[in-house]
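K.L.:
Pasting the sequence and the predicted model now:
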Amino acid sequence: MRVPHSAISCFLLLYFLISACSSPKKEEATLLIYGGPIYTVDTAQTMVEAVATKDNLILFAGTLEEAEAYKGEQTKLIDLEGKTMTPGLIEGHGHFMGLGYNEMNLDLMNTTSYQEIVDAVAERVKTAAPGEWITGRGWHQSKWDEMPEETVKGFQTHDLLSAVSPDNPVYLRHASGHAGFANAKAMEISGLTLLPQEGIDAFEVEGGEVIRDALGRPTGVFNERAQSLITRNIPESTPETDRKAFELAVAACQRDGITGFHDAGIGREAIALFEQMKAEGKMNVRLYTMLTGWDPELLEEWYARGPLVDPDHLLTIRSVKLNCDGALGSRGAWLLESYSDRPGHFGHETLPMDIVKETALNGLQYGFQVCSHAIGDRANREILDRYEAAFVEMPERTTDHRFRIEHAQHLHPEDIPRFAALGVIPAMQAIHLSSDRPWAIDRLGEKRIKEGAYMWQSLLESGIPVVNGTDVPVEPLNPIPSFYASVSRKTLKGMPEGGYEPKERMTREQALKSYTLDAAYGAFEEEIKGSISPGKLADFTIYSQDLMTVPEQDILNTEVVMTIFNGTIVYEKGD
């Protein structure tokens, strides 16, 4: 029987329609995550219902129905149960080994008086051997509830500390890291007499200051580069303690949802340690590192070698860190006008500006990003001037330099638009506002605070991204307080009502981006991380609640409950 041509045509049409609607078999996902708000930081789709990953890469981000096509027998399902997920957070400026060692030494971050420091040292003396160094970090005199009766230039004196530790040298770093506090034993070991020798002033240090009383006696406080008078005598760390500090730092990152970390200044020992940890499979955080500018020979070696851009995206070395002024708390930040609470004092230029120019030229020539520490308005201006001069000399190398200023905390209003004009990225730590703003006004006065301090929104509106972070161990690594500070401009106690200079606060979307995609951009890594997009690395942070929608006063109650790094769960709260 002859089949009508029309019937054959209908059959073929039906066959091709069925074939066309049949999708080829999808790749099988390793993880399928769903069941809560997922913020992608991807402008193509800002929120999705589900994410599928294969090994360490993102396969799919979209609807749960579409994601189901990637589910197989071996796929691990993660039901968020209403919790919130974002791209893995990136600490945009911290000190990795400092983070680890801070967990091993005296942690003075939460001390509220000089007496608490003395008590902490007295307790440690009980278990320390005679002559053993006691070290710690975190005190900040401007955050104490009350100052001791005896002070010199706004700092405590060593007498009470020395009384409880006569047989142990003690050195306690300021929270900023830009000053330190020594007891009498530490000064004795360092060869510093209580009175300068006649005709010889052993306390004069270029780029630093030894705080002394009216009789010329050292008070125990060593500012900026003067710290080396003490620190050069502290026993060096051992390979065993370095490994322990590294492992503690990795664990801290995982606990706080940090999957990437910009390490602001490393030397030979740290490089060797990081390479070893990577070789042993223990590099469970992505390190973007800056070579310390304090070692010119190291820089020359790396200029000859060229940047290390790790194909595994675990350890990248392509930046140089320069320390160009001090901190505001210790009155070391380099200012255009003198300190309001110490007339005639302008802070410290801790690195000659001609070195900034030279390093900028070398960075352009050899392919290294330059990241310069600057807190005071003069330091920021001087560095921008040196960057600009280098760009003018080598215009053909400036297409995508992404030079940075670390902190960019206090700016002259005329210098704010220069960041975007020059393409210089400000790496700022919002948590510093919460900690510092209540007393920073004493240092700078109301006019300078309002016109140029913590100018996040002005910088963003000028067209340059802001990289966020904590400067750990200056502040705790936990990103939630820094996120809160970004969007509220308040202290962690919720003060003042409406926030300090509220026009400069970030939106929640901007704050999240500053900890993810903008931080990735600050490390030339926006193509591989920073957003939840197919093809990017499978790094995610999961929170106890939706920090993008909860009332502002509840943001600080948010906890990191899970961290996924390289497609693997590396931290789960309560596990």
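P.N.:
Done, it's in.
K.L.:
so residue 344 makes contact with residue 338?
P.N.:
Yes. Between residue 344 and residue 338 there is a contact under Cβ atoms under 8 Å: 5.4 Å. In short, each C-beta sits where N, CA and C put it, glycine included.
K.L.:
More neighbours: which of these two?
P.N.:
Shown here are residue 344 and residue 338; by other Cβ atoms under 10 Å, residue 338 has more neighbours (13 against 6).
K.L.:
Tell me the pLDDT of the residue nearest to residue 69 when sequence neighbours are not counted.
P.N.:
Distances taken as Cβ to Cβ, 6 or more residues apart in numbering put residue 26 closest to residue 69, at 4.6 Å, once the chain neighbours are dropped. Looking at residue 26, its pLDDT is 76.
K.L.:
so residue 26 touches residue 68, yeah?
P.N.:
No. Contact between residue 26 and residue 68 fails when scored by Cβ under 8 Å: they sit 9.5 Å apart.
K.L.:
Give me the common contacts of the two.
P.N.:
Here residue 26 and residue 68 have no joint contacts, going by Cβ atoms under 8 Å, 6 or more residues apart in numbering.
K.L.:
surely residue 316 meets residue 283?
P.N.:
No. Judged on Cβ under 8 Å, residue 316 makes no contact with residue 283 at a distance of 11.2 Å.
K.L.:
coming back round to it: look at the residue nearest to residue 69 and say how many residues are nearby.
P.N.:
Neighbours around residue 26, by other Cβ under 10 Å: 16.
K.L.:
Need the three-state assignment for it.
P.N.:
coil (DSSP: H, G, I helix; E, B strand; the rest coil).
K.L.:
swap in the one 10 residues further on?
P.N.:
For residue 36, the assignment made with three-state DSSP gives strand.
K.L.:
Kindly report the same for residue 274.
P.N.:
Put simply, residue 274 is helix when judged by three-state DSSP.
K.L.:
Show me what the strand or helix carrying residue 209 is packed up against.
P.N.:
Secondary structure assignment for residue 209, by DSSP states H and E: strand 208-212. Judged by 3 or more Cβ pairs under 8 Å, 6 or more residues apart in numbering; DSSP states H and E, strand 208-212 is in contact with strand 218-224.
K.L.:
Can I get the strand it packs on in CSV, CA atoms only?
P.N.:
What follows is strand 218-224, C-alpha atoms only, in CSV (Å, rounded to 0.1, in the frame of the first residue of the first chain):
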residue,chain,number,x,y,z
PRO,A,218,62.1,55.9,76.7
THR,A,219,58.5,55.2,77.7
GLY,A,220,58.5,51.8,75.9
VAL,A,221,56.5,53.0,72.9
PHE,A,222,58.4,52.7,69.6
ASN,A,223,56.7,54.2,66.6
GLU,A,224,57.0,53.2,62.9
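K.L.:
elements contacting it?
P.N.:
By 3+ Cβ pairs under 8 Å, 6+ apart, strand 218-224 packs against strand 155-156, strand 179-182, helix 184-189, strand 208-212.
K.L.:
I'd like the next helix or strand past the longest helix along the chain.
P.N.:
Determined from DSSP state H, the single longest helix within the chain is helix 431-452. Going down the chain from helix 431-452, the next helix or strand is helix 456-462, by DSSP H and E.
K.L.:
pLDDT score for residue 512?
P.N.:
For residue 512, pLDDT reads 98.
K.L.:
Between strand 218-224 and the strand holding residue 209, find me the angle.
P.N.:
Angle, strand 208-212 to strand 218-224, by axes from the mean of the first three to the mean of the last three Cα atoms, to 10 degrees: 160 degrees.
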